[in-house]
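J.: following is a predicted model, sequence given first.
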Amino acid sequence: MLHVEEAMGTVFSLDVREVPGAGRPRVRAALDGAAAWLHRVDEVFSPWRADSQLSRLRRGELELSRCDADVRDVLRLCDEAERTSGGWFSARYAGEVDPTGLVKGWAVERAARMLVSAGAGSVCVNGGGDVQTHGGPWRVGIADPLRPGELAAVVEARGELAVATSGPAERGCHILDPYTGAPPADQLASVTVVCRGLADADAWATAACAMGAERARRWLQRLPDAAAFAVTADGTTWRTSGFTRYDAAMCV
């Protein structure tokens, strides 16, 4: 089963395999529920919608204690990501709350779990290029940021695995050093983080881009239960030692 949904300013694909015949109606209902969930996340967290809870929170019209529990959960995860990254990931910019560096990954991770809970044996949810899988195997391509239409690497995903990529290739330079407010001097063309959950992968990839190439490489190498692949501005690549076990070129 494949369902494609436009939400949150991007395209989501929800791909489900290995569904027992008796479970098909329940999984189809879960697909509809997951699509509705993505729209609900947009309604709550969109910084572009004046009536979203995030926008109302920013304007001081809504107290955090009166927001949905999901808002408090996302901000808690943002605080954890800030601590893990030593402040390089932040959900607060120019005095405003902005969890957009994590919320899409969190939403995709939750959508994938909804499908698994409904009985799907193998799931891949892709939100704008960031991917959460269960089961598999799945092959997840990492786009080459300097050669449009080509792949820089392919991840072999089995079980519960997330793949998130950040960089300026598609949206321009939108990730800044939180300490200077400027792009890092040794900016990466892209960095991909592989770990168990997409909320973490999304936040950590964002943090790594903010750090710049050399600092990010050292930090990602030390980060427990995560692996990374990066493309530098001059087209060279590097990977952390843990990436080898996910590299499809090595999984033969």
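T.: Yep, it's here.

J.: show me what secondary structure element comes after whatever helix or strand Leu102 lives in.
T.: Assessed by DSSP states H and E, Leu102 sits inside helix 100-117. Sequence-wise, the next helix or strand downstream of helix 100-117 (DSSP H and E) is strand 122-127.

J.: average pLDDT for that following strand?
T.: For strand 122-127, mean pLDDT is 97.

J.: ok, now stretch 166-179?
T.: Regarding stretch 166-179, the rounded mean pLDDT is 68.

J.: now stretch 83-96
T.: Computed over stretch 83-96, the average pLDDT equals 90.

J.: quick one: the strands in the stretch 101-250 of the chain, in order.
T.: Along the stretch 101-250 of the chain, the stretches classed as strands by DSSP state E, counting those that start in this stretch are 122-127, 130-134, 138-143, 151-157, 161-166, 188-195, 227-232, 237-239.

J.: gap between the closest residue to Tyr93 other than its chain neighbours and Met211?
T.: Closest residue in space to Tyr93, ignoring its immediate chain neighbours: Pro178 at 7.7 Å, by C-beta to C-beta, 6 or more residues apart in numbering. Glycine gets a C-beta too; all of them are placed from N, C-alpha and C. In this structure, Pro178 and Met211 are 10 Å apart, going by C-beta to C-beta, to the nearest Å.

J.: can you pull out the helices in this protein?
T.: Taking DSSP state H, the helices of the chain run over residues 24-45, 53-58, 69-84, 100-117, 198-211, 213-222.

J.: can you say which of those helices is nearest to Val11?
T.: Closest to Val11 of those is helix 24-45 (C-beta to C-beta; 10.5 Å).

J.: give me the residues contacting the closest one.
T.: With contacts defined as C-beta atoms under 8 Å, 6 or more residues apart in numbering, helix 24-45 is touched by 1, 3, 5, 7-9, 12, 14, 16, 19, 49, 52-54, 68, 70-71, 74, 99-100, 103, 107, 110-111, 114-115, 117-120, 125, 127.

J.: could you tell me the average pLDDT over it, please?
T.: For helix 24-45, mean pLDDT rounds to 95.

J.: list the buried ones in it?
T.: Residues of helix 24-45 classed as buried: 27, 30-31, 34-35, 37-38, 41-45 (neighbour count, 16 or more other C-beta atoms under 10 Å).

J.: between these, which is nearest Leu62?
T.: Closest to Leu62, out of all of the buried residues of helix 24-45 and judged by C-beta to C-beta, is Val44, at 11.0 Å.

J.: need the pLDDT of the closest residue in space to Ala81 that isn't next to it in sequence.
T.: Nearest non-adjacent residue to Ala81, counting by C-beta to C-beta, 6+ apart: Ala203, 3.8 Å away. We have a pLDDT of 96 for Ala203.
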